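Undergrad: Attaching a predicted model along with its sequence, questions to come.
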Amino acid sequence: MDRKSVSKEQYLMMAVVSILYTFMLTKLFFTLDIDSRALIDVIFYSTPDKILKALSFLPNTHLGPYYMQVLIDSFFIVSFYPLLISLFLQSPTIITVVTISGLADIIENGFSLYFFSNRIFDQHLLTIGSLVTNIKFLFLLITLLLIGIKLVNNLRKKG
């Protein structure tokens, strides 16, 4: 990826991704009444017990803000991962790793919605939810590592 190869559409998508990420970090500018401890998608090293503990912070009523957070996160997912893919079209390895991370992120959001809606914390579902979260973060870290290696290699070629 070099500056000349970035299209107007990609710049626009970068702006959208940045805005959505800002919304998530600030809980939509602090208007969403959310206890961040209740969000399973921020558990970096996830286990079934950590997910169960996170879910214990959910309020008994008024889950609307949590659903809004998942909606914003879903818009982020469908913007961020395709943007990464479009920036590294020439790298099938990066595309594959990004795709796996993105799919895991989508599945993780599905688990969040399920847990919010049903309040059923079956051990098997907690284990699968934990696994999916770990896959998301692992493949996102691999993506960042691969992009870093690619950028270093590009700098070496120019130097």
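TA: That came through fine. Remember, it's a predicted structure, so these values are computed and weren't measured experimentally.
Undergrad: Can you find the helix or strand in this protein with the smallest mean pLDDT?
TA: Counting by mean pLDDT, DSSP states H and E, the chain has its least confident helix or strand at helix 27-30, which shows a mean of 82.
Undergrad: Dump that one to CSV, keeping only the CA atoms.
TA: Taking C-alpha atoms only, helix 27-30 is exported to CSV below (Å, rounded to 0.1, in the frame of the first residue of the first chain):
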residue,chain,number,x,y,z
LYS,A,27,-20.1,5.1,23.8
LEU,A,28,-21.6,7.4,21.2
PHE,A,29,-20.2,10.5,22.9
PHE,A,30,-21.1,9.2,26.3
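Undergrad: Mind giving me the packing neighbours of that helix?
TA: Helices and strands touching helix 27-30, as assessed by 3 or more C-beta pairs under 8 Å, 6 or more residues apart in numbering; DSSP states H and E, comprise helix 64-87. The C-beta positions use only the backbone N, C-alpha and C, and glycine is treated the same way.
Undergrad: If you count neighbours, what's buried in the helix it packs on?
TA: By neighbour count on 16 or more other C-beta atoms under 10 Å, the buried set for helix 64-87 is 65-66, 68-70, 72-77, 79-85, 87.
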